[in-house]
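Engineer: Sharing a model prediction with you, sequence too.
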Amino acid sequence: MSEHIHKEHNVSLLLYHFVCPAKYRRVIFDKEVDNSLKEVCLELQERYDITFVEIWTDKDHVHFLIQWLPIYAPKRIIQIVKSVTARELFSRHPEIKKKLRWWELRSKWYYVNTVGKHSNEEVIIAYVKNQWLTWYKKLYVSPYNQQSLFGV
């Protein structure tokens with residue numbers, strides 16, 4: 001399970017769900033390719049400061065649940081993951097080349113979504129509104145009669 005990452009100047013819990021289809025939705029993922037993909041992702045974890053919380057493959061696409069520090073944008077993370085896994089899978093499984101051209105393991109398309117561990121969109125909206133009200137009351141409510149100076 002994902003945990004907060006504590007560094008010198010920040011604490012973060014960034015979880016993103018990526019879906020990456022194979023080029024032309026070709027069926028390329030079987031048990032052997034799936035195992036190799038997971039091995040490559042474990043090597044990526046050591047090289048970059050990212051964590052693969054979950055990896056799930058269907059026959060023509062991959063789901064990644066990835067946690068990382070706020071030093072990389074989601075686009076950069078998926079570029080790293082897609083390029084390294086494509087290169088490694090082609091070298092470990094040359095039979096994939098028969099189904100695809102060597103530079104086109106993954107489609108340029110991907111889907112990304114944020115994942116909230118402790119809240120959802122409604123909770124965050126309520127929190128932000130409550131923070132604004134707290135800030136507003138501190139600045140504009142008279143401490144003597146507990147009423148807003150502007151009638152709000």
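Structural biologist: Alright, I've got the coordinates.
Engineer: For the protein, give me the ranges with low pLDDT.
Structural biologist: 1, 101-107, 117-121, 124-125, 127-129, 131-152 (pLDDT under 70).
Engineer: tell me the domain boundaries of it?
Structural biologist: Split into domains by automatic domain parsing, the chain comes to 5-118, 119-152.
Engineer: which of the ones you listed is buried the deepest?
Structural biologist: For these, average neighbour numbers computed from mean count of other C-beta atoms under 10 Å are highest in domain 5-118, which has a mean of 15. For glycine as for every other residue, the C-beta is placed from the backbone atoms N, C-alpha and C.
Engineer: now it, how far from the centre of its chain.
Structural biologist: Between the centre of domain 5-118 and the centre of its host chain there is 10 Å, according to C-alpha atoms, centre = their mean, to the nearest Å.
Engineer: So the most centrally placed residue in the chain: helix, strand or coil?
Structural biologist: Nearest residue to the geometric centre of the chain (C-alpha atoms, centre = their mean): Tyr16, 2.1 Å. What DSSP: H, G, I helix; E, B strand; the rest coil gives for Tyr16 is strand.
Engineer: OK, contacts around it?
Structural biologist: Leu65, Ile66, Gln67, Trp68, Pro74, Ile77, Val112, Asn113, Thr114, Val115 (C-beta atoms under 8 Å, 6 or more residues apart in numbering).
Engineer: any idea where the strands of this structure begin and end?
Structural biologist: 5-6, 11-12, 14-21, 50-57, 61-68, 111-115 (DSSP state E).
Engineer: Out of the ones you listed, flag the one nearest Val33.
Structural biologist: Among those, strand 50-57 comes nearest to Val33, with 7.7 Å by C-beta to C-beta.
Engineer: by contact count, what packs against the closest one?
Structural biologist: Counting contacts by 3 or more C-beta pairs under 8 Å, 6 or more residues apart in numbering; DSSP states H and E, strand 50-57 is packed against helix 31-47, strand 61-68.
Engineer: That'll do, ta.
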